[in-house]
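> what shape does this take:
(2 chains)
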Amino acid sequence: MSSRIRNNIGKLKKANVLLLLGIVLALGMMIALGIGGGRFRFSEMILVFHYSSLSASERTILFDIRLPRILLSVLVGAGLSLSGAVLQGLFQNPLVDPYVLGISSGGAVGAVIAILSGISLGFFTIPLFSFLFALGTTFLVLRLGQIGHKFPLETMLLAGVAIGFFFSALISLGMFLAGENLHQMVFWIMGGLWNSSWKKVLAILPPIAITLPIVFSYSRELNAFLLGEKVAESMGVDVEKVKKILLVISSLSVAACVSVSGVIGFVGLVVPHVIRIITGEDHRLLLPASLLLGSSVLLWADTLSRSLLHPVELPVGVVTSLLGAPFFIYLLRRKKRER
Amino acid sequence: MNPHLSVRNLSFAYFNQDVISNITFDIDQGEFVGILGPNGSGKSTLLHLLSGLLTPRTGSISISGTDTRRLSRRKWSQEMAIVFQEVNRDLDLDCFDVVMMGRFPHWRRWQKENDRDYAAVQKAMQVTKTHSFANRSFRELSGGEKQRVMIARALAQEPNLLLLDEPTSHLDIVHQLDIMNILLELQKNSITIIGVFHDINMVAQFCNVVLFMKKGHITHQGMVETSLHAHLVEELFDVEFLEETHPYTFRPFFMPLSKKKTPEVPTASIHLICGGGSGCVFMKDFLEAGFSLSVGIVNQFDSDQEMAAKLGLPTIVEKPFSPITDDTLKQALLIANQSDYIFISPNFWGHGNLKNLDLALNLLYKGKKVLFIRESLSPTWDYTGGEAIYKLQQLLHDGAQAFNTISEVIAFIRIDRHAV
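Below you'll find the predicted structure:
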């Protein structure tokens, strides 16, 4: 097409960024496979591809312990960052994170109830409770924030904050009453990937797999939101429908993440910001790039948390917050200087 | 043929407060309509209703004969686009991508941009002269450039009808003119344009139809060249305007006077004797002090006469470049006699206008209070060889009062009226 005003730099940039992030992620996963017991072994990293030459214990360590954990961190990182990017775009507010609709506190309340009540539905009791409560909280916030047929985003934000406070109080109450279960609750709330298993990987794979194509297909609508809701609507975007669909679908994958890993902070907040600085605000690139970077970030945070103070394992939520908060402050100050 | 846009009995209310009350109007294809009205008159709301961003309480809107209630959001956005005053200033997106967003109503989900999309974007960027920054980030642009990109974005929708809500309010005059000229260009391509503007003269210069809105009603609709007149604009804004003909475009041109239209009864009436432009400044001072005025005798086409005519003041006029005749003097006596005070502005005296001082003397003897500025007694004003000074001295001698400044004159009249 000779008449294009557009040069091809944009397209190339997009392909390059995604390719680079993909390579970084793949390499990271390989290296993380070789890390265990507080040290890195190149042989372990390579041996994955020689399944037959592995001993039974090596197979257990690589395939039943490290690999599911790596995959889980990649999936959770992807889910949180993608939802963070979507919600920040939707709310046009850079301080929004995936837990803005009260999902984290809802999930935590679910977990606390499961632990306190002693109900046992097998292995998945706590994740199931937490997932259902997280989703339930989202719908509650949506209902509370809804005015007529509209979903004004400010109201939604406030409803999310209010519900969050209420549930935090419930969680504190639960912890107060927990007695010997307190330890379990604290661990859950701090967030971590220590109980990773193939079951968990398979449990959160479907919600995240459903989320991806739907969210990506709304990239153009999210771009239109950048011009403001009014302009988006005037261009033919069904604003209320888009809000509803994106809020529900991203809540679904965040609830899934929370249910298997507890509350892991800062990944969903910071990663989209970093991508925006690198690539600009086009959601067609921002969304997949956030997903890839988020996976890498959580993968490395988890790898650090399990190997840094070996044999002590740090909660990954603590690691992401400890590293994420200063980094976020750095970004804020940088932005301030630009002005 | 159907009008392009047809609005019938349209009403809208926020919290039971009527913002648009039963509006009906038609706009033809290819018209450039300027909506004028004071703040809060419902202009913006009307545009929101027309673009479907708000749902009317009653009434209907038809585009080319099709009721908009039968249009899907996408179809509606293919028919009309809207540009707002405010834009997301920090948007970090290449301008090309911003304009391409305008293709949204033409896309299906998952559909990739095709040749038609690229062609539409290219055309939109050409018309708005934005192709030079296609690959630049939107946030790096100046305010005027941003607004042009937003217009390009709207044009990429390929609308037949373009709505603009104060698109030039934040821009300097160069960029305002840029935008208005782009709109004129669009009008030539028979796109119908409806814009809300603050600047009456922008509307007078560029639009061909004007729509007045006040308190949710349309108070006037008509062609700019034949129907945009000062008295209508004054009624609309409750401010007095001077109407001129633009010396270059021959369109009407409006200058707001420095005061609000004052409905109250004048506190005193003054007859102003002036000429050669000496009276203009006093007309403003006296009117703003709340006095009523009559003027004369002045020659036709004298700048005092023109100003008095623009202000609608009763004026006694002598033929151009002619000395004052006795007939005119008699006429002037009759009119000036109705005033409480006579004020003589400091102006040049020649044999042509010396009769104005006779007028003053006459009125003085009829018991009128004659006032002037002491500076008038200076010989620099006198081209009659002393006659004018003599008459002024006589006035002073027989009871006229001289003051140093116009504020003293006004203060005197106010106190004097109070004493009466």
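
> how much space between the closest residue in space to residue B:71 that isn't next to it in sequence and chain A?
Counting by C-beta to C-beta, 6 or more residues apart in numbering or on different chains, residue B:79 is the residue found nearest to residue B:71 once chain neighbours are left out, at 7.0 Å. Where you see a C-beta, it was placed from the backbone N, CA and C, and this is true even at glycine. Distance from residue B:79 to chain A, counting by C-beta to the nearest C-beta, to the nearest Å: 10 Å.

> go on, residue B:224?
Taking C-beta to the nearest C-beta, one finds residue B:224 at 27 Å from chain A.

> tell me the confidence at that residue?
For residue B:224, the model assigns a pLDDT of 91.

> what number of residues are in the vicinity of it?
19 (other C-beta atoms under 10 Å in any protein chain shown).

> residue B:204 is in contact with that one, correct?
Yes: if you go by C-beta atoms under 8 Å, residue B:224 and residue B:204 touch, sitting 5.9 Å apart.

> overlap of the contact sets of these two?
B:210, B:251-252 (C-beta atoms under 8 Å, 6 or more residues apart in numbering or on different chains).

> list just the nearest of those residues to chain A.
Distances from chain A to the shared contacts of residue B:224 and residue B:204, taken as C-beta to the nearest C-beta, are shortest for residue B:210 (24.2 Å).

> so that closest one sits in a strand?
Yes: according to DSSP: H, G, I helix; E, B strand; the rest coil, residue B:210 belongs to a strand.

> how many residues are close by it?
25.

> that one bridge partners, please.
residue B:34, residue B:222 (DSSP bridges).

> now residue B:370
Where residue B:370 sits in a bridge, its partners, by DSSP bridges, are residue B:342.

> hey, where'd the strands end up in the stretch 151-300 of chain B?
Per DSSP state E, counting those that start in this stretch, the stretch 151-300 of chain B carries strands over the ranges B:161-165, B:192-196, B:209-214, B:217-223, B:239-245, B:252-260, B:269-273, B:292-299.

> weakest of the ones you listed in terms of mean pLDDT?
Looking at those, the weakest mean confidence is strand B:252-260, a mean of 79.

> and residue B:107, how far from chain A?
Distance from residue B:107 to chain A, by C-beta to the nearest C-beta: 7 Å.

> now that residue: how far from residue B:63?
To residue B:63, residue B:107 is 21 Å away according to C-beta to C-beta, to the nearest Å.

> looking at these two, which is more packed in?
residue B:63 (22 against 16).

> follow-up on the earlier one: the residue nearest to residue B:71 and residue B:70 touch, don't they?
No: counting by C-beta under 8 Å, residue B:79 stays clear of residue B:70, with 11.7 Å between them.

> higher neighbour count, those two?
residue B:79 (22 against 9).

> contact residues of the stretch 1-150 of chain B facing chain A?
For the stretch 1-150 of chain B, the residues in contact with chain A (C-beta under 8 Å from any C-beta of the partner chain) are B:51-53, B:73-74, B:76-78, B:81-82, B:84, B:86-88, B:91-94, B:96-98, B:101-102, B:104-105, B:107, B:109-110, B:115, B:118-119, B:121-122, B:125, B:131, B:134-135, B:137.

> what about those, which are in strands?
Taking DSSP state E, the ones among those that sit in strands are B:81-82.

> give me the buried subset of the residues of the stretch 1-150 of chain B next to chain A.
B:51-53, B:73-74, B:76-78, B:81-82, B:84, B:87-88, B:91-94, B:96-98, B:101-102, B:104-105, B:107, B:118, B:121-122, B:125, B:131, B:134, B:137 (16 or more other C-beta atoms under 10 Å in any protein chain shown).

> now do the helices in the stretch 301-420 of chain B.
B:303-310, B:326-336, B:355-365, B:387-397, B:406-419 (DSSP state H, counting those that start in this stretch).

> now mean neighbour count, distance to residue A:203 and mean pLDDT too, for these, in a markdown table please.
Formatted as a markdown table, the helices of the stretch 301-420 of chain B follow (neighbours: other C-beta atoms under 10 Å in any protein chain shown; distance: least, C-beta to C-beta, whole Å; pLDDT from 0 to 100):
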| stretch | mean neighbour count | distance to residue A:203 | mean pLDDT |
| --- | --- | --- | --- |
| helix B:303-310 | 20 | 82 | 90 |
| helix B:326-336 | 16 | 98 | 91 |
| helix B:355-365 | 20 | 102 | 92 |
| helix B:387-397 | 17 | 106 | 92 |
| helix B:406-419 | 15 | 87 | 87 |
